[in-house]
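Undergrad: Build me a structure from this.
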Amino acid sequence: MASRNKRHRSRTVQNAGTRSTRVRNARKKQVDGINFRSLLEAFCYQKLKENGIQSEYETKKYVLFEGIHYENSRYEDNGKTGYKDKKTHKVRDITYTPDFIDPKGKWIIECKGYANERFPLKWKMFMKLLNEQGDPPVLFVPRNQKQVLETVSRIIEMTAPTVL
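TA: As a prediction, this is how the structure comes out:
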């Protein structure tokens, strides 16, 4: 038990202070020359492709909050430079890039096995932005392969031509 905790602590210390784009339990996979961030994203891509559904992978970045220049002093410590006045530093944009987008704008898929602590807030901001733009697309957030298959079925139903 003690050795297990040591290993866990050493990984935590190694990663402390570094900014990681790694998703919890996610393993990267390459399919058709595209680098996916998780096996679930790769599975979703394959199912969309198998069903002849066109999609774009991580091609559009949405600005949820436009960065600002704070007009007074602000003392912060980023862990590297110490506790200093960051008045001259711009507060960066908050952006969001969904996994799969319908080229016609009818749907968006965000594959989420394990959501990080930022995701719920960004997702709410993203939905608000889409609403404000008018005619929002249908959103899907599959968390496993079964839900990906259901998502693909629903997209097929949505896009099927209606017979009068």
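
Undergrad: switch to C-alpha atoms for all contacts and neighbour counts from now on
TA: OK.

Undergrad: Okay, helices next: where are they in the protein?
TA: Applying DSSP state H to the chain gives helices spanning 2-15, 39-50, 119-133, 145-159.

Undergrad: Need the winner for burial among those.
TA: helix 39-50 (a mean of 19; mean count of other C-alpha atoms under 10 Å).

Undergrad: show me what contacts the nearest residue to Lys90 once chain neighbours are set aside?
TA: Of all residues not flanking Lys90 in the chain, His69 sits nearest, at 4.9 Å (C-alpha to C-alpha, 6 or more residues apart in numbering). Under the criterion of C-alpha atoms under 8 Å, 6 or more residues apart in numbering, the neighbours of His69 are Lys87, Thr88, His89, Lys90, Val91.

Undergrad: For the fourth one, the count of nearby residues, please.
TA: Translated: Lys90. Counted with other C-alpha atoms under 10 Å, residues neighbouring Lys90 total 11.

Undergrad: Could you check the pLDDT of Glu76?
TA: pLDDT for Glu76: 89.

Undergrad: shouldn't it be in contact with Tyr83?
TA: Yes. In this structure Glu76 lies within contact range of Tyr83 using C-alpha atoms under 8 Å: 5.2 Å.

Undergrad: Next, show the common contact partners of these two.
TA: In contact with both Glu76 and Tyr83: no residue, using C-alpha under 8 Å, 6+ apart.

Undergrad: Determine how far stretch 53-61 lies from the middle of the whole chain.
TA: Relative to the centre of its chain, stretch 53-61 is centred 12 Å away, using C-alpha atoms, centre = their mean, to the nearest Å.

Undergrad: May I see the buried residues of it?
TA: Neighbour-count burial for stretch 53-61, counted by 16 or more other C-alpha atoms under 10 Å, picks out Ser55, Tyr57.

Undergrad: how long is that stretch end to end?
TA: 21 Å (C-alpha to C-alpha, to the nearest Å).

Undergrad: Which residues outside that stretch are in contact with it?
TA: Contacts for stretch 53-61 (C-alpha under 8 Å, 6+ apart): Leu48, Thr95, Tyr96, Thr97, Pro98, Asp99, Phe100, Ile101, Asp102, Pro103, Ile156.

Undergrad: From those residues, keep the buried residues only.
TA: Leu48, Tyr96, Pro98, Asp99, Phe100, Ile101, Asp102.

Undergrad: Could you work out the most separated pair of those residues?
TA: By the measure C-alpha to C-alpha, Leu48 and Tyr96 form the most distant pair in the buried ones among the contacts of stretch 53-61, at 21.8 Å.
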